[in-house]
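Trainee: Dropping a prediction and its sequence here:
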Amino acid sequence: MKQGTTIITLNNGYHLWTNTQGQGDIHLLCLHGGPGGNHEYWEDTADQLEKQGLHVQVHMYDQLGSLYSDQPDYSDPDIAKKYLTYDYFLEEVEEVRQKLGLDHFYLIGQSWGGLLVQEYAVKYGQHLKGAIISSMVDEIDEYVASVNARRNEVLSSEEVAFMKDCEAHNDYDNARYQKDVQVLNVNFVDRKQPSKLYHLKDIGGSQVYHAFQGDNEFVITGKLKNWHFRSQLPKIKVPTLLTFGEHETMPLATAKTMAGLIPNAKLVTTPEGGHHHMVDNPDVYYHHLADFIREVEAGTFNSQPTK
């Protein structure tokens, strides 16, 4: 398969940026978070897996509205109604799979991408060898409780109260509020603070993020507040790896519940990892991922006690 960048044209006429790295007969499709994030933390995935002794063709893409892919005019109510939906982004994954010619492949998704992995494994699991849910829960209410608890770990009660007051008054542009958000990001989202997460100017994706999430990772005011998928987890029949950071926004208690409900699942955690633990501690993150792929390829993967 062609290495490097390929621009694909969707059936709806929009264009998506895709990129393929690595060699081998094993294929891994990577879904980024956000929503409205981008592919960047998957850029070295093929290299990281090769360091683990595994040759994998890694495919990544920017979802519609993100970075190098087309960014529709979401201010048009008809466009927003059509494309800012769970169903659109799920079907986008399937169309990307078809246009890249993938089948019997592994699907990994981080955060919002992990939501899409859950949905894809239920609806299109016949195409998968394995699913990897990275830092995403099945019940959003448990996430909300977790991030509120995280705030109390690193901020004073006065500062937490200030943030809640800003949120109650929709005052998200407040400089003090955004400074508190950055403290939380450093502790629980991007603990390593790699430079590649930052750009000289806004590169797009914020409209998608605001529609589903809200202003930041620690409040949910968008469509994700209605994310409830627990009843569907037993329908995921493919081998499934759940991977969470030990110091992240998503609750590990929920991850353990998910591992118990998905018929053939295993949970692993990354020490010193935040929400983007593939960046915070890549050696451990990719060791877990490589072991999972090797076991599935060998037919030896099955449910094991959580770690």
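Mentor: Arrived safely, thanks for sending.
Trainee: Could you look up the SS state of residue 159?
Mentor: Under DSSP: H, G, I helix; E, B strand; the rest coil, residue 159 falls in the helix class.
Trainee: In contact with it, which residues?
Mentor: Counting by Cβ atoms under 8 Å, 6 or more residues apart in numbering, residue 159 touches residue 180. Backbone N, C-alpha and C define where each C-beta goes, glycine included.
Trainee: Quick check: residue 30 is in a strand.
Mentor: Yes. The assignment for residue 30 (three-state DSSP) places it in a strand.
Trainee: is it true that it touches residue 108?
Mentor: Yes. Counting by Cβ atoms under 8 Å, residue 108 is a contact partner of residue 30 at 5.3 Å.
Trainee: Helices of the stretch 151-300 of the chain, residue ranges please.
Mentor: 157-168, 175-188, 206-212, 252-261, 277-280, 282-298 (DSSP state H, counting those that start in this stretch).
Trainee: Adding mean pLDDT and distance to residue 77, write the ones you listed out as JSON lines.
Mentor: Converted to JSON lines, these look like this (pLDDT from 0 to 100; distance: least, Cβ to Cβ, whole Å):
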{"stretch": "helix 157-168", "mean pLDDT": "93", "distance to residue 77": "26"}
{"stretch": "helix 175-188", "mean pLDDT": "89", "distance to residue 77": "29"}
{"stretch": "helix 206-212", "mean pLDDT": "90", "distance to residue 77": "12"}
{"stretch": "helix 252-261", "mean pLDDT": "97", "distance to residue 77": "34"}
{"stretch": "helix 277-280", "mean pLDDT": "92", "distance to residue 77": "37"}
{"stretch": "helix 282-298", "mean pLDDT": "97", "distance to residue 77": "40"}
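Trainee: For the residue sitting nearest the centre point of the chain, give its distance to residue 45.
Mentor: The C-alpha lying nearest the average C-alpha coordinate of the chain belongs to residue 110 (Cα atoms, centre = their mean; 2.0 Å). Remark: distance between residue 110 and residue 45 (Cβ to Cβ, to the nearest Å) = 11 Å.
Trainee: tell me the mean pLDDT over stretch 23-34?
Mentor: The pLDDT scores in stretch 23-34 average 96.
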